[in-house]
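**Q** no sequence on this one, just coordinates:
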C-alpha cells in the first residue's frame, strides 16, 4: 500500500551515506564490539500491556493490509500484525501485536508494507523484500515465500519502494521506475500482461519522483508535476477519463502540480502544491472524499482540504496530514478506519481524534502516523491480528500508541551470571524473551561457555519459530529424540548446514566464528555484501569469506580487533547472543557518524 514521509530523491552518491543514528541509539551501541551466542531450552514471554514504553525514534511508518512496518532512525525496520507468509520478516510466521525486528536489515532508507509482503530500500540503493511470493512479488527470481528479506534482482539505485496486493515497484535515482510480480492487468507497466519475478522497467517513465502501488494498478508522480498511472482501471483508478486497462502509463487528467501520488485498492489520490488533494477511482464508501459515493475516472477535489502536506489512499479509505499536524480521513469506517470515534462511513474528511502532532500518515486497512518530536507511532482501526501494535487485538477508533517490542525492551531474565551493563546483557534478555533459551540451569546463563553445534542448531531453529522438518533425520551421530534432533534435521533441509561430513553433524563440537558466520548468512538468505571485509586473517576464497563480509555490512560484527576476525576462535554463549540479537533486530555494531 502507501507509506508516509517519503525521503527526498537522492541526487548524488553522497546522499547514499548511512543516516545519522539517534544519539540515544548511538550511545547504546558505542560500547559494543564483539559477536553473538546460543543455548538450550525455551520459555515464552508475553508482551506487557499499554503501560509499556512507546516505540520511538521512528522515521517512517507504512500501513499494509493486516500488518504495519516502521523505519527506525537507526536504519533498522520493525513490523507488527499478521505474519502469514512471513510478512513481518522476523524469520517466523507468528503474528505479533508488538513490533518485531526484520532480520538482517540495519541500513534501511525507506519501507513499504503491502497485502502479504513488505519491502525496504537500503542506503546502498538495493531493495530487499519478504513475505508471500506466489506471483514473484519479492523480485528475487523465484516464487518461493520468504520469512526473511531477500534481495530484489538487479536494483542498485532505488530511492523508494511500494508494495501492493501482488506486485511491487521501485523508483530509481535516474527517474525511471521498475516493477515486478503479478501483471494480470498490466500493473507492471511494461506493455505486457506477463508476470515477472524480477524487475522490468515501466515504459516511458524517465522523471519519476515517487511511485505508489495499489491493488492492481500503480502511479508515479513526475518531476513536471504530472501523474502517470498504469494497470487495472475498472473503477477509473488510472484517472485518464476512461475505465480501460492500460499496460503502459497514461496521464492523469488535470493534475499539473502534484507533489505526491498515492494508489490504494481501486482508488488514487494526489497532493498538489497548493495543499489541495484530488482523488479518483472507486468511491462506493466515499473514499474520494468529494461528498458523494459515485466513482470518478478523473480527479475530484477532496472537500475542505486546502493545507495538506501528504495524502495516503488505503484499501477503501484515505487520510491526509495537514500542515497543522492534524489528520483527516474519509471513506469506509466499519472497523473504525477513520479514527473519529464512530463506525459511520464518511464521504467527506473527518478529523482523527486527538492527533495534533502528526508528521505524516499511512493508510492501509488500518492507519498509522509518526508523531511528535520523539518519533512515536500511533495507529487506529482494525486490530484483529495486532496490527495496531499496542499489545492487544481490539479494534480502536481513537488512535493508540505503538509500544516497544522485545528488540527495544526485553525483561531482565534474572541470570546471576549476566551482570547489568555487559555488552551481551540486552542480547541475552532478548533471547530469553523470544523463547530461544532459558539458560543452562535455573538462574544461570553461562556466558563464557563455548557453544556446541547442537546448541547452535537449536538457537537458530527457535529463532525461526521451530518449523517442523518434513523429512527424516539425515545424521547418524544425531540420535532420534534428542533436544536438538528436529533442529539439526531442519538445518539440513533448509541448506543451512549439511554437516561436517556425509551423514555426520558433530553435535558436540564447538562452533567456530567462521562457521557461525556461514550459519547466519545462509539462514538470512545468502545476501551478497556490497563491500568486502577488511580482515587480514580471512583467507581469500575461503568458504566463509562471503559470509564474513555480509556480517560486517549488516553491522553484526566489526571483528575482535582492528582488521582481525579470529575465524578459528570458538564462539561463546555471550557472543552468540549478540550475533543473534543484532541479526534479528537490525542492531548495528557501529553507529553512523
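**A** Great, that's in hand. Everything quoted here is computed from the prediction, not taken from an experiment. Numbers count the residues shown, from 1 in each chain.

**Q** mind checking the end-to-end distance for stretch 506-515?
**A** By Cα to Cα, to the nearest Å, the extent of stretch 506-515 from end to end equals 13 Å.

**Q** could I get the buried residue list for that stretch?
**A** Residues of stretch 506-515 classed as buried: 507, 509, 510, 511, 512, 513, 514, 515 (neighbour count, 16 or more other Cβ atoms under 10 Å). Quick note: C-beta positions are derived from backbone N, CA and C, even for glycine.

**Q** stretch 389-396 now?
**A** By 16+ other Cβ under 10 Å, the buried positions in stretch 389-396 come out as 389, 390, 391, 392, 395, 396.

**Q** for the stretch 301-450 of the chain, what are the low-confidence residue spans?
**A** Counting by pLDDT under 70, the stretch 301-450 of the chain contains no low-confidence range.

**Q** now tabulate the buried residues of stretch 389-396 in CSV and tack on secondary structure and distance to residue 109.
**A** Rendered in CSV, the data for the buried residues of stretch 389-396 read as follows (DSSP: H, G, I helix; E, B strand; the rest coil; distance: Cβ to Cβ, whole Å):
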residue, secondary structure, distance to residue 109
389, coil, 22
390, coil, 27
391, coil, 28
392, coil, 31
395, coil, 32
396, strand, 30
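
**Q** and those, which is closest to residue 454?
**A** Distances from residue 454 to the buried residues of stretch 389-396, taken as Cβ to Cβ, are shortest for residue 391 (34.4 Å).

**Q** could the buried residues of stretch 506-515 go into JSON lines alongside secondary structure and pLDDT?
**A** Listed next are the buried residues of stretch 506-515 as JSON lines, based on DSSP: H, G, I helix; E, B strand; the rest coil; pLDDT from 0 to 100:
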{"residue": "507", "secondary structure": "coil", "pLDDT": "97"}
{"residue": "509", "secondary structure": "coil", "pLDDT": "97"}
{"residue": "510", "secondary structure": "strand", "pLDDT": "97"}
{"residue": "511", "secondary structure": "coil", "pLDDT": "96"}
{"residue": "512", "secondary structure": "strand", "pLDDT": "96"}
{"residue": "513", "secondary structure": "helix", "pLDDT": "96"}
{"residue": "514", "secondary structure": "helix", "pLDDT": "96"}
{"residue": "515", "secondary structure": "helix", "pLDDT": "95"}
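
**Q** with distance to residue 252 added, can I get these in JSON lines?
**A** Output for those, formatted as JSON lines (distance: Cβ to Cβ, whole Å):
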{"residue": "507", "distance to residue 252": "62"}
{"residue": "509", "distance to residue 252": "63"}
{"residue": "510", "distance to residue 252": "62"}
{"residue": "511", "distance to residue 252": "57"}
{"residue": "512", "distance to residue 252": "58"}
{"residue": "513", "distance to residue 252": "55"}
{"residue": "514", "distance to residue 252": "55"}
{"residue": "515", "distance to residue 252": "55"}
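
**Q** related to what we said a few turns ago, max pairwise distance over the buried residues of stretch 389-396: which two?
**A** Pairwise distances across the buried residues of stretch 389-396 (Cβ to Cβ) peak at 14.4 Å, for the pair 391 and 395.

**Q** returning to that earlier point: residue 175: which of the buried residues of stretch 389-396 is nearest?
**A** residue 389 (34.9 Å).

**Q** and the residue nearest to that closest one when sequence neighbours are not counted, how many neighbours?
**A** Using Cβ to Cβ, 6 or more residues apart in numbering and skipping the chain neighbours, the partner closest in space to residue 389 is residue 402 (3.6 Å). Neighbour count for residue 402, taken as other Cβ atoms under 10 Å: 29.

**Q** how near is residue 402 to residue 587?
**A** As for residue 402, its distance to residue 587 is 19 Å (criterion: Cβ to Cβ, to the nearest Å).

**Q** ok, which stretches of the stretch 351-500 of the chain are strands?
**A** 362-363, 367-371, 376-381, 396-401 (DSSP state E, counting those that start in this stretch).

**Q** of all the ones you listed, which lies closest to residue 569?
**A** With Cβ to Cβ as the criterion, residue 569 lies closest to strand 376-381 of these, at 40.7 Å.

**Q** name the helices or strands packed onto the closest one?
**A** For strand 376-381, the elements it packs on are strand 58-63, strand 367-371, strand 396-401, judged by 3 or more Cβ pairs under 8 Å, 6 or more residues apart in numbering; DSSP states H and E.

**Q** mind listing what's buried in the second one?
**A** Read it as strand 367-371. Using 16+ other Cβ under 10 Å as the test for burial, strand 367-371 gives 367, 368, 369, 370, 371.

**Q** what does it rub up against?
**A** With contact meaning Cβ atoms under 8 Å, 6 or more residues apart in numbering, strand 367-371 is reached by 4-5, 58-63, 68, 70, 312, 314, 317, 319, 321, 325, 327, 329, 337, 339, 352, 355, 357-362, 376-381, 389, 399, 402.

**Q** count of neighbours near the nearest residue to residue 555 once chain neighbours are set aside?
**A** Nearest residue to residue 555 in three dimensions, chain neighbours excluded: residue 588, at 2.8 Å (Cβ to Cβ, 6+ apart). Using other Cβ under 10 Å, residue 588 has 24 other residues around it.

**Q** what is the rounded mean pLDDT of the longest helix seen in the chain?
**A** Secondary structure of the chain read by DSSP state H shows that its longest helix is helix 573-585. Mean pLDDT, helix 573-585: 96.

**Q** who are the packing partners of it?
**A** Secondary-structure packing of helix 573-585 (3+ Cβ pairs under 8 Å, 6+ apart): helix 425-433, helix 453-463, helix 513-523.

**Q** switch to 10 Å and redo it
**A** Packing partners of helix 573-585 (3 or more Cβ pairs under 10 Å, 6 or more residues apart in numbering; DSSP states H and E): strand 96-101, helix 425-433, helix 453-463, helix 513-523, helix 545-553.

**Q** to residue 413, which of these lies closest?
**A** helix 425-433 (3.9 Å).

**Q** check what pLDDT residue 26 gets.
**A** For residue 26, pLDDT reads 30.

**Q** should've said residue 10
**A** Residue 10 is given a pLDDT of 29.

**Q** ditto for residue 123
**A** As predicted, residue 123 sits at a pLDDT of 94.

**Q** count of neighbours near the closest residue to it other than its chain neighbours?
**A** Distance criterion Cβ to Cβ, 6+ apart; nearest residue to residue 123, sequence neighbours excluded, is residue 107 at 4.4 Å. Neighbourhood size, residue 107 [other Cβ under 10 Å]: 22.

**Q** again, but for the one 4 residues further on
**A** One way to gauge burial is a neighbour count; for residue 111, by other Cβ under 10 Å, it gives 27.

**Q** what of residue 476?
**A** Residues near residue 476, counting by other Cβ under 10 Å, number 11.

**Q** what sits against residue 364?
**A** Shown in contact with residue 364 (Cβ atoms under 10 Å, 6 or more residues apart in numbering): 1-3, 62-68, 81, 113-115, 264-265, 312-315, 317, 337, 379, 381-382, 387.

**Q** bridged to the spatially closest residue to it that is not a sequence neighbour, which residues?
**A** Distance criterion Cβ to Cβ, 6+ apart; nearest residue to residue 364, sequence neighbours excluded, is residue 63 at 3.3 Å. Taking DSSP bridges as the rule, residue 63 bridges to residue 68.

**Q** which residues touch residue 63?
**A** Residue 63 touches 1-4, 69, 81, 112-113, 312, 314-315, 319, 361-369, 379, 381, 387, counting by Cβ under 10 Å, 6+ apart.

**Q** quick one: neighbours of residue 109, just the number.
**A** Using other Cβ under 10 Å, residue 109 has 24 other residues around it.

**Q** make sure residue 278 is indeed in a strand.
**A** Yes. Judged by DSSP: H, G, I helix; E, B strand; the rest coil, residue 278 forms part of a strand.
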